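1. structure, please.
(chains A and B)
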Amino acid sequence: MTSRGASGIAAVGWLVAFLLGLPVVALVARALLGGSLGVALASPAVVEALMLSLATTAVSLVVTAGVGLPLAILLARRAPGRASTMLETLVDLPIVLPPSVAGLALLLVLGRAGLLGPALQAFGLEIPFTTAAVVVAQVFVSAPLFIRSARLGIAGVGRDLEDAARVDGAGEGDLLRAITLPIAAPALAAGLVMSWARALGEFGATIMFAGNIEGRTQTLPLVVYGDFQAGDLDGSVAAAAILVLAALAVLVAVRSFHWQRALDLRAIG
Amino acid sequence: MNARAFAVRAAVAAVVVATAVACQPRFGATLAEPSAGTLTIYAAASLKAPLDAVASAYRRSFPDVRFTVSTDSSAALAAKIHEGAPADVFLSADTESPAKLAATGLVDAPVVFAGNAPAIVVPAADPAAIATPADLARPGLKIVAAADGVPITAYARELVAALASEPGYPADFEARYEANVVSREDNVGATLAKVALGEADAAIVYVTDARATANVRTITLPDDVSVRATYAGAVVLSSPNRGPAAHFLGWLAGPDGQAILGPLGFLPPP
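-> Numbering: from 1, shown residues only, chains lettered A, B, ... in the order given. This is a model prediction of the structure:
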């Protein structure tokens, strides 16, 4: 390639980077310089939404780890085949599903008029319009990110390493605890962080399945939308800026996990 | 199509129409006439289905006009027009939203084109066994409402306040109603959907919504409780189609438009 071609590509690259970065930078700048972040952080509605977002995503994270890990281990240990591929595709599906579709699907299954609604009602459970519904929506759309990352991480642990431990008399539980999970830890951590970020940003499934009410189901992304709809641009921008900063923190965290993994692999290698 | 090409086409169309009008005494002295082109209508959520009927009736008389309809809460649409959204006509479920835009010079003087009324609806299966409006105060009920600023919310509050002063209603009826609200949806359409789906026990929507929706039942109101909704529309002043937009709005508020809206349950403009 000529140097002129190369510099042309570089110029286009810089332009695209600028265009990608500008909206986010403009948003955060407006929130900080326009003073809306300060105003919003003094508003009980935004603080309440922030607290609700932190609480629900924390619960979602625990649930995701709890239900996701066994599934990730199952998927990682299964012999490749058509059934495994179908199972993996099914588990990955919510990652690419539009969130509004996820919300509608959840209503049709867990809504009180839904497939499992009568069974849940027999136990006195009604999920829609509750904080529990927010968690369900978050787990549904975000757990697949953790499961995927954990599956790849666990599958990446050398079989010979695990077999060697088995030969030495390690039980499956010991094996997981002492060998597999520690080695896969960076992948598990990266998966958890990505899935937390996805849960924090959850909007479509939440508004359809959990509804929108302050203090109970109105998370930060719903404030971004609701305030904008009501013409309160300041509140919307401030809530959005908080989410941008959280997303930025997540990406930095994931990068550090990947570096950590690279260092670990070099140490083992 | 870019703005300039559109303006050129609109100008050409205007000349063609003007010529046609000159040859057709039927149009008489009407100044604004529809041209060939697309009218972008920003309409209140409760007008979504009615506008299908309105648009096809209008197109029977003026086949060269096409419609692009965007529906949401009137408050959200007003916010979008305020941010410069390319609407030609704004059809609001209240008079306040277009009046506010008119005050800032964004739309022309609002024209009242229809009336409506709030109605209490429950799912056809009526899981909460709601017999009268008084049941809306029963603790534990799941009522879905619309967000603040959405016109139906103001009409619903007015209805609940009117009910509260009825004989036999608890003094804290309004507070109890509010305590039962489990969600504040974007617009009346989303509110209605939650009831039609059977997820909410009750909601206050418009009479026209209740009539047009399967799977919901309307709860009869006391005879002396009467809350009226007033719908006003306005031409967006930055629109390149102001003439055709004004013609459509005039048609909608006039006898032709009322002949379509009336059978759908809308009241004549007060």
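
2. residues contacting B:Ala146?
-> B:73, B:152-153, B:156, B:184-188, B:190-191 (Cβ atoms under 8 Å, 6 or more residues apart in numbering or on different chains). Using the backbone N, CA and C atoms, a C-beta is placed for each residue, glycine as well.

3. that one pairs with what?
-> Counting by DSSP bridges, B:Ala146 forms beta bridges with B:Glu185.

4. picking up where we left off before, restricted to strands, list the contacts of B:Ala146.
-> Of these, the ones assigned to strands by DSSP state E are B:184-185.

5. rebuild the contacts of B:Ala146 as JSON lines, extending it with neighbour count.
-> Compiled in JSON lines, these are given as follows (neighbours: other Cβ atoms under 10 Å in any protein chain shown):
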{"residue": "B:Ser73", "neighbour count": "30"}
{"residue": "B:Ile152", "neighbour count": "32"}
{"residue": "B:Thr153", "neighbour count": "21"}
{"residue": "B:Ala156", "neighbour count": "25"}
{"residue": "B:Arg184", "neighbour count": "22"}
{"residue": "B:Glu185", "neighbour count": "27"}
{"residue": "B:Asp186", "neighbour count": "22"}
{"residue": "B:Asn187", "neighbour count": "25"}
{"residue": "B:Val188", "neighbour count": "29"}
{"residue": "B:Ala190", "neighbour count": "23"}
{"residue": "B:Thr191", "neighbour count": "30"}
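
6. got the residues of the stretch 151-270 of chain B near chain A?
-> By Cβ under 8 Å from any Cβ of the partner chain, the residues of the stretch 151-270 of chain B that approach chain A are B:181-186, B:194, B:197-200.

7. now those as JSON lines including pLDDT?
-> Below are those laid out as JSON lines (pLDDT from 0 to 100):
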{"residue": "B:Val181", "pLDDT": "97"}
{"residue": "B:Val182", "pLDDT": "96"}
{"residue": "B:Ser183", "pLDDT": "96"}
{"residue": "B:Arg184", "pLDDT": "95"}
{"residue": "B:Glu185", "pLDDT": "94"}
{"residue": "B:Asp186", "pLDDT": "90"}
{"residue": "B:Lys194", "pLDDT": "94"}
{"residue": "B:Leu197", "pLDDT": "92"}
{"residue": "B:Gly198", "pLDDT": "92"}
{"residue": "B:Glu199", "pLDDT": "93"}
{"residue": "B:Ala200", "pLDDT": "95"}
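
8. which one of these sits closest to A:Ala240?
-> A:Ala240 has its nearest neighbour among these in B:Asp186, at 17.4 Å by Cβ to Cβ.

9. quick one: low-confidence residue ranges for the chain.
-> Going with chain A. A:1-2, A:259-269 (pLDDT under 70).

10. I was after chain B.
-> Applying pLDDT under 70 to chain B flags residues B:1-36.

11. any idea where the helices of it begin and end?
-> Using DSSP state H, the helices of chain B run over B:3-23, B:48-61, B:74-82, B:96-103, B:151-164, B:173-179, B:188-196, B:207-212, B:242-253, B:255-261.

12. and A:Gly211, which of those is closest to it?
-> Smallest distance to A:Gly211 across these (Cβ to Cβ): 7.5 Å, for helix B:188-196.
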